[in-house]
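> What follows is a predicted structure for the sequence shown.
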Amino acid sequence: MGHQTNKQIILKNYVNGFPTESDMEVRNGAIQLKLPEGSNGVLVKNLYLSCDPYMRNRMSNIKGSYIDSFTPGSTITGFGVSKVIESGRADLNKDDLVWGLTGWEEYSLITAPETLIKIQHTHDVPLSYYTGILGLPGLTAYVGFYDICSPKKGDTVFVSAASGAVGQLVGQFAKSFGCYVVGSAGSDEKVNLLKNKFGFDDGFNYKEEHDLDAAFKRYFPNGIDIYFDHVGGKMLDAVLANMRLNGRIAICGMISQYNLEKSEGVHNLMELVAKRIQMKGFLILDSYHLYPKYLETILPLIREGKIVYVEDIDEGLENAPKALIGLFHGRNVGKQVVVVARK
């Protein structure tokens, strides 16, 4: 095999404020579909790409972040599902399926192949699930809820961004554990999903709530035991005032703050002292070792129809910028996935 054209998504410039599609461009590159001599890398054809909120931070030149910024003029990278074309890794063969960090392009040469996880279950679950429920978002929901939040039966649980990739699973885990669960989302359509598809006890459209404190007193008259936070800002501030004694807060992300030049202040932190609240941020990259255990737990639930999972799928690599930008405007309903190729 010789040179192959390779459509790519390039970050044109570092971004301040809200990113736009014009901050990225589709470019036709070229790739040699053969591993360099002696390489232990893996050459892959990309099938499904994951759009995730953390990618926003990589579009800015942030010093000291937990993850490196993208390089302007270079291909964007993210998590995806790929098919092996050629492998220098002993346990990966041609046509094996993998998930892990890859390029936003048709073909990628993965030079750190240890980051790829071989997909064993290919026949009874959709491959795209490995960008979400069977990938890092699923593991995030699992570790964040069961480990960070230390749930007890009967706990009251609030989940923000509840219809997203992680939130929809946290709510279902909490319900199956015997908790009372309310979620917030940014449209009536999403709130209906929470209540009618994911089994939340209740939900509300935060854009229609002018007084978040009053909303929490309405939905949680006796207070909140667990908050799974994706948004930070004013939502976190209002939740703090409505937490119960010995409450637990897992900080998974802060999407409401990513596009602000100056972050909103959080004024109710004294509640942590008065109510002995534990608030912990976490990165799922620290919990990769739990992935096999998570798969053992989640696969039977999916197969038996005991867990529901919703994806928002955009077809075509050229639509990846629109799909990523849509995350910050609440356009997606469920986990945002881009299909590059289906086989």
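Everything's here; your move.
> Please, where are all the strands along the stretch 201-343 of the chain?
For the stretch 201-343 of the chain, the strands defined by DSSP state E, counting those that start in this stretch occupy 202-205, 224-229, 243-251, 278-281, 311-315, 335-339.
> Could you pull out the buried residues of stretch 303-321?
307, 308, 309, 310, 311, 312, 314, 317, 319, 320, 321 (16 or more other C-beta atoms under 10 Å). No exception for glycine: its C-beta is placed from N, CA and C like everyone else's.
> what's downstream of the least confident helix or strand in the chain by mean pLDDT, the next helix or strand?
When the helices and strands of the chain are scored by mean pLDDT, DSSP states H and E, helix 55-58 comes last with a mean of 92. As assigned by DSSP states H and E, the chain's next helix or strand after helix 55-58 is strand 77-87.
> That following strand: partners in the sheet, and parallel or antiparallel?
Partner strands for strand 77-87, per DSSP bridges, with pairing direction: strand 42-50 (antiparallel), strand 97-103 (antiparallel).
> so which of those is the most packed in?
Ranked by average neighbour count under the criterion mean count of other C-beta atoms under 10 Å, the strands paired with strand 77-87 are headed by strand 42-50 at a mean of 25.
> how near is the residue nearest to residue 341 when sequence neighbours are not counted to residue 343?
In space, and not counting its chain neighbours, residue 341 is closest to residue 47: 5.3 Å by C-beta to C-beta, 6 or more residues apart in numbering. Computed with C-beta to C-beta, to the nearest Å, the distance linking residue 47 and residue 343 is 7 Å.
> what residues are shared contacts of those two?
Common neighbours of residue 47 and residue 343, using C-beta atoms under 8 Å, 6 or more residues apart in numbering, are residue 83.
> Where does the record place the domain boundaries for the chain?
Domain ranges of the chain: 3-132+310-339, 136-285, per automatic domain parsing.
> Out of these, the one nearest residue 301 is which?
domain 136-285 (8.4 Å; C-beta to C-beta).
> What's the mean pLDDT across the closest one?
Domain 136-285 shows a mean pLDDT of 95.
> what about that domain, start to end distance?
From its first residue to its last, domain 136-285 covers 8 Å (C-alpha to C-alpha, to the nearest Å).
> Next, report how far that domain is displaced from the centre of its chain.
Centroid displacement of domain 136-285 relative to its chain, using C-alpha atoms, centre = their mean, to the nearest Å, is 15 Å.
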